[in-house]
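Undergrad: Have a look; sequence and predicted model below, questions after that.
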Amino acid sequence: MSVAEPPTVLPEEPLHRRLGVTDEELVAIRDRLGGRDPNDLELAMFSVMWSEHCSYKSSKPLLRTLPIGTAEDGVVAGPGENAGVISIGDGLAVAFKIESHNHPSAVEPYQGAATGVGGILRDIFTMGARPIAILDPLRFGEPGSARTRILVDGVIRGIGGYGNCVGVPTVGGELVFDPSYQGNPLVNVMAIGLLEERLLTLAAAPGPGNLVVLFGSTTGRDGIGGASVLASATFTHDDPSKRPSVQVGDPFAEKLLIEASLELIERGLVEGLQDLGAGGITCATSETADRAGTGIRVDLDAIPRREPGMAPFEVMISESQERMCAAVRPDRWDAVREVCERWGLPVAIIGSVTDDGDITVVSGDTELARIPAAALTSDAIVHDRIATPPTHRRAAPAPGAPLDPSDRLPERGMDPGAVLLALLGSPNLSSRRAVFEQYDSTVGADTVVGPGHGAAVLRVKGTTKALVAATDGNQSVGALDPYLGAALSVAEATRNVAITGARPLGITNCLNYGDPTRPEAFWQLQEGVRGLGDACRALGLPVTGGNVSLYNEAPGGAIAPTAEIGVVGLLDDVARLVGPAFVEPLDTILLVGETTPGLAGSAYAGLAGVAVEDDPPSLDLAREAALQRFIREAIARELVASAQDVSGGGLAVALAEGAMWGDHGAVIRLPVANSPAVELFGESPSRLVVTTRPRFAPALILLARQHGLPVEEIGIVGGDRLVIELAGAGATGAAEERGSRVADALEVPVTDLRHTWEHGLARALGWEGVG
Amino acid sequence: MPVRVGVVVFPGSNCDRDTVHALDLAGAEPVVLWHEQASLDGVAAVVLPGGFAYGDYLRAGVIARFSPVMRAVEAFAAEGGLVLGICNGFQVLAEAGLVPGALLRNRELRFLGRDVHIAAERLDTPFTHALAAAGQPLRMPIAHGEGCYFGDDPALDALEADRGVLFRYVDERGERAADDDRTANPNGSLRAIAGVIAPRGNVAGLMPHPERAAEGILGSDDGAGIIRSLVDSAARAASGGDASPVTVGAR
């Protein structure tokens, strides 16, 4: 058997090392094979299945600590399945999952992102769910760099080119720029599907004697070693020789695959269904056999090929896209074939389910490989990695130490209004419209709230219900404190769902970290998982699945640890949906929650700098849970006109968003307990800006106090400008004493806020000619 | 009994289910017509929905016009049957020569998904008669990469003389969008043309999606009037009457 030689390795390296298998792992492979050496085909199969991407060999011990929920939480399918599934009543359930396609997108941005969308959609419809939404959190390096601009353009076109064609609306996500992603962008994609619970289909191959059927595209040489070569090794450079490892997407084929798969499931024609992603046929057969406690005999010659002369290992590990594998009862084969052929999809019987527990590959009468299915999946090697915190951890400020002057806006001669405009126009906080307009966000005719204004809202036809979805990640705080970064991401993503009135149902996560063999990077992962778990337990939310992406490193260094969180919530009555925009003049504006010091990791700090000893603001998870309970109850009691959480850019940006999106100004009087910068631009979590009819304000204030939450009336909606006056002990005296360039007040016309916010991103990316 | 309105499903159609839903809400009985079938099952009108009919990798709609169902649609149209093409359906009709003009790539060469306003130029057609008033701005989404309406000047002059312009892009007050108005006419359509009607008055196409703006919960129900016009006209045709309340297409 010939193995394509990667050009950058020394010829004398033994095969297993060339395939990314360590000497220690080779010993473990022998152990699983009863002491014998694997042949080359078997080694290739092990190499993809024991890759970090497929085996979770570094992260598995950590992931076991996460709360996975129970049937009482409505969880119908959890981690280990292709997607998490949670019941939403009326016999319906929601399937959702997030995944990464970081390295393929760095090598070939269009196809990398496109196949990322294709892969996550297959995870959804494999379960019997029709995909109804895509959200894509994207992270890149400096927006001004030529490489970033090429990546951004390619990734966005790739997501659009695939998602628009398959007819699944892209309704949300993120676009974040941070220097740590310069050499290693993050392309995470979340998909949501809706299914009738009775149609839930698991990725298992039960019933010895059943047929193993492959349908969809033919198998080619694209994506050979995608899981092992690309996803599971540190990224040295954007090496064109790795391009054959990137898969090529065909959204039209995916559309056919969706319709054919859902029809097969609806008509009860398949016993189990699995999509082919990383690891190709090897992964699909071994996982479905292992889950069912069966084996599969694969007839290599029966697999439809795209090109002649493919070696057995190429066929077995090819990651050609848009393929599905089903276990089918022999008497239903004719019906299955009819459905696939009607949708124009090649379909073939490629093997059969056995009772020997082995994945066996045969060609004619020759047995080419025989491996216990469990050895490739549930019994794959697990590594106990070493975690070491960094030696240069930042110290907390000594008690009583004076804050750095940079924390105090007026003393620096900064005009708060100018700071607010700079934040609104900054690459990370400005409108994402120039991007999401390249996506179809309304196909499906379910989009109640699309991208751009917080959580996405999709009605559920035939009910009064709606699904509410959001994603969030916080690399700025994650870089300083990976535990806090992950916990904050859970808090913010769920808060964004809760402020619409919806109840978060569960969490999916994409853990983007560095090389796990580096103790500091593994410590970051460990801390991130601990933060994720603690936050989910405090909020009572199950983690129903996700994806771990390690080796996110480039010559410039590792990425900032990024736990990307996806949340889906349920709104029982879509008519009661509350949005973030100010609604009516004279409405009362309340600030719920407590503003605490700490500017590190904030957008303001990115703009103005802060003292090195400053810390990010702390997170009180019990308070966060109380806040979310409060806002849901307030919305259910119809006391709320608008609700927005305080996050990136702080309170001033939250108020500006309410003003811009509602086209109403506001007059705010803000007592200063900390410093002006903390009050206006600090990002301490668990805070909301809530507006209400004046007559409901007392009831709302009472309700907040009943939930143990600090609450203050800070202003009223009205006029055509945003006016914020700083008042109280922390405001440092009359403006005139400090000269004309400083102010205790901020006053900006709403049209100016909007103009700055709308044009910031296009300016940062040099897209000013676009739409 | 509700009138039967066909919705053609190409393998890459992706607005067929939305169109079925909107027709259902408008009181019709939607009938799915598979692209390989050569008969229209006796429907009173046909909608060609949005999507990417056969992948559209070459050019939108270019392959779909050769499908068996399109031969049936052409024959149906030749007999005066009502046909409405939405988005990709409009592109297919233009490729098939059932409506005048061509749809080029958007001016910025990027896919565009956003809300626009259009206004009907005339109410005396089977597709617009239930609208409240001509010139009234109707808000609904566009979602396409190839929606720039094009014809040479003599063709556009002839189209206007034939009263063949059915919808134009307008601003939110209803003022006709300039060709270079990137906000109101984002795909760069010549003379702000968003939809056209064939001279005989029974075949029309438009790029925006009325079926995605047919319920208040989706942010706009301005598209419902177009769907309702079609369903009413189909019902009239099915009962043996004229498809349209007035004579159409007369020069």
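TA: Everything's here; your move.
Undergrad: can you count the residues close to residue A:383?
TA: By other C-beta atoms under 10 Å in any protein chain shown, 18 other residues sit near residue A:383. Yep, even glycine has a C-beta here, placed from its N, CA and C like the rest.
Undergrad: which residues touch residue 42?
TA: Went with chain A since none was named. Counting by C-beta atoms under 8 Å, 6 or more residues apart in numbering or on different chains, residue A:42 makes contact with A:33, A:369, A:370, A:371.
Undergrad: Switch to chain B, please.
TA: For residue B:42, the contacting residues are residue B:4, by C-beta under 8 Å, 6+ apart.
Undergrad: Tell me which residue of the stretch 601-750 of chain A lies closest to chain B.
TA: residue A:663 (13.0 Å; C-beta to the nearest C-beta).
Undergrad: Point out the residues in the stretch 101-250 of chain A that sit beside chain B.
TA: Applying C-beta under 8 Å from any C-beta of the partner chain, one finds that the stretch 101-250 of chain A approaches chain B through A:157, A:160, A:161, A:164, A:165, A:166, A:167, A:250.
Undergrad: After the host helix or strand of the fifth one, heading C-terminal, what element do we hit next?
TA: In this assignment (DSSP states H and E), residue A:165 forms part of helix A:146-166. Scanning the chain past helix A:146-166 towards its C-terminal end, the next helix or strand to appear is strand A:170-177 (assignment: DSSP H and E).
Undergrad: quick one: the strands in the stretch 651-771 of chain A?
TA: A:666-671, A:688-692, A:711-717, A:721-727, A:745-749 (DSSP state E, counting those that start in this stretch).
Undergrad: same check, this time on chain B
TA: Along chain B, counting by DSSP state E, strands occupy B:4-9, B:29-34, B:45-48, B:82-86, B:102-104, B:112-120, B:138-144, B:148-150, B:165-170, B:193-197, B:203-206.
Undergrad: and those as a markdown table, adding mean pLDDT?
TA: Shown next, in a markdown table, are these (pLDDT from 0 to 100):
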| stretch | mean pLDDT |
| --- | --- |
| strand B:4-9 | 97 |
| strand B:29-34 | 96 |
| strand B:45-48 | 98 |
| strand B:82-86 | 98 |
| strand B:102-104 | 95 |
| strand B:112-120 | 97 |
| strand B:138-144 | 97 |
| strand B:148-150 | 97 |
| strand B:165-170 | 98 |
| strand B:193-197 | 98 |
| strand B:203-206 | 98 |
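Undergrad: Pull the lowest-mean-pLDDT helix or strand in chain A out as PDB, backbone CA atoms only.
TA: Least confident element among the helices and strands of chain A, by mean pLDDT, DSSP states H and E: helix A:603-608 (a mean of 86). Coordinates of each C-alpha in helix A:603-608 appear next as PDB, following Å, rounded to 0.1, in the frame of the first residue of the first chain:
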ATOM      1  CA  ALA A 603     -13.400  47.300  25.200                       C
ATOM      2  CA  TYR A 604     -12.600  50.500  27.000                       C
ATOM      3  CA  ALA A 605      -9.300  49.000  28.100                       C
ATOM      4  CA  GLY A 606      -8.600  48.000  24.500                       C
ATOM      5  CA  LEU A 607      -9.100  51.600  23.500                       C
ATOM      6  CA  ALA A 608      -7.600  53.600  26.400                       C
END
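Undergrad: when you scan stretch B:183-190, is anything in it near chain A?
TA: Yes - applying C-beta under 8 Å from any C-beta, one finds stretch B:183-190 touching chain A at residue B:186.
Undergrad: hang on, the earlier thing: farthest pair in the contacts of residue A:42?
TA: By the measure C-beta to C-beta, A:33 and A:369 form the most distant pair in the contacts of residue A:42, at 10.3 Å.
Undergrad: which regions of chain A sit below the pLDDT cut-off?
TA: Within chain A, the segments meeting pLDDT under 70 span A:1-11, A:223, A:225-247, A:392-413, A:609-613, A:728-743, A:768-771.
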